[in-house]
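Peer 1: Here's a sequence, model it:
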Amino acid sequence: MEKDENPIHHAMDYLPFLENHLKHRREIREKSKGSNKELLTAHQLAFSAIISYQNRIQGLRYEAVDLAIKGRMSLLAQFIQGIDLTETAISEGLYANAANLLKQELEIIAAFDEHRDGIRLDGKTPRFKGMLARFGRRYGELNEIAHPTRQEIVESLSTFSDKGRYGPTTIPQFNAELYQIFYGTQAMFFIMLLGRMRSLFLEVFGLDYSEAEVRLATSALKILIDQGTIEVLK
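Peer 2: So this is what the prediction gives:
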């Protein structure tokens, strides 16, 4: 039998891997949804408030001469663009990726505040000041999970154990504790972003929350407080 030297014939060898990977990720999403329905509801409520408020400024014009306003508008758009990607990583067991994306969301909020306060330095990582200083530890914890600096964390995210069998795996593994921490963290970031959206939209458009958005946000906030997620903000 002649050896097949044509790489094109093997170009689709990755498809079975992807199909299996996506199958397991869908299964993890179902486990995630069932592990804490209160957090799922809070996340959905807060996300809906963000999108509702954002939709009401679409098509409105403003003078883009103030760098602080331009910076905050751009950061808001960047945050919203990445919400679905971050949620997917959290819900489908890609926890190292999710940690990195949550770090980015927190950095966006910090940069937003620096633009608001007139202290943003282009090209510099934003610093956590004021109330955000409390999130330094959370940022460090996310950093440890996002980067392969601690072997025990790497192993916990990339190994399986089943009926005496144990070893590394490329298939994501469901972790209920990490899911709930990360999902609650992103929902908390939504609440934080909503407050910053309000200050920006009032300044630029004179546009406040609607009654529906207030109900969505306060309902989400109550759940997060009851869950202990927002204790850091008290």
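Peer 1: okay, CA-based contacts and neighbour counts for the rest of this
Peer 2: OK.
Peer 1: check contacts around the closest residue to residue 129 other than its chain neighbours.
Peer 2: Of all residues beyond its chain neighbours, the one nearest residue 129 is residue 110 (7.8 Å), with distances taken as Cα to Cα, 6 or more residues apart in numbering. By Cα atoms under 8 Å, 6 or more residues apart in numbering, the residues touching residue 110 are 126-129, 132.
Peer 1: what are the ranges of the strands in the protein?
Peer 2: With DSSP state E as the criterion, the chain has strands at 159-162, 165-168.
Peer 1: Could you give the number of residues near residue 206?
Peer 2: Residue 206 has 10 neighbours, counted by other Cα atoms under 10 Å.
Peer 1: confidence score at it?
Peer 2: pLDDT recorded at residue 206 is 95.
Peer 1: Whichever helix in the chain runs longest: which residues count as buried?
Peer 2: Taking DSSP state H as the criterion, the chain has its longest helix at helix 176-205. Within helix 176-205, the residues that count as buried by 16 or more other Cα atoms under 10 Å are 176, 178-180, 182-191, 193-194, 196-198, 200-201.
Peer 1: Kindly report the same for stretch 46-66.
Peer 2: For stretch 46-66, by 16+ other Cα under 10 Å, it's 46-50, 52-54.
Peer 1: State the distance from residue 95 to residue 118.
Peer 2: For residue 95, the distance to residue 118 equals 34 Å [Cα to Cα, to the nearest Å].
Peer 1: Tell me which of those two has more neighbours.
Peer 2: Counted by other Cα under 10 Å, residue 95 and residue 118 do not tie: residue 95 has more neighbours, with 25 against 11.
Peer 1: thought the more buried one was touching residue 89?
Peer 2: Yes: the criterion here is Cα atoms under 8 Å, and residue 95 meets it with residue 89 at 6.4 Å.
Peer 1: give me the number of residues near residue 207?
Peer 2: Residue 207: 16 surrounding residues under other Cα under 10 Å.
Peer 1: who touches it in this structure?
Peer 2: Per Cα under 8 Å, 6+ apart, neighbours of residue 207: 198, 201.
Peer 1: measure it to residue 198 for me?
Peer 2: 8 Å.
Peer 1: where does the chain have low pLDDT?
Peer 2: Applying pLDDT under 70 to the chain picks out residues 1-11, 148-168, 231-234.
Peer 1: What segments of it are helices?
Peer 2: Secondary structure of the chain (DSSP H): helices located at 14-35, 37-55, 67-91, 95-117, 136-146, 151-157, 176-205, 211-227.
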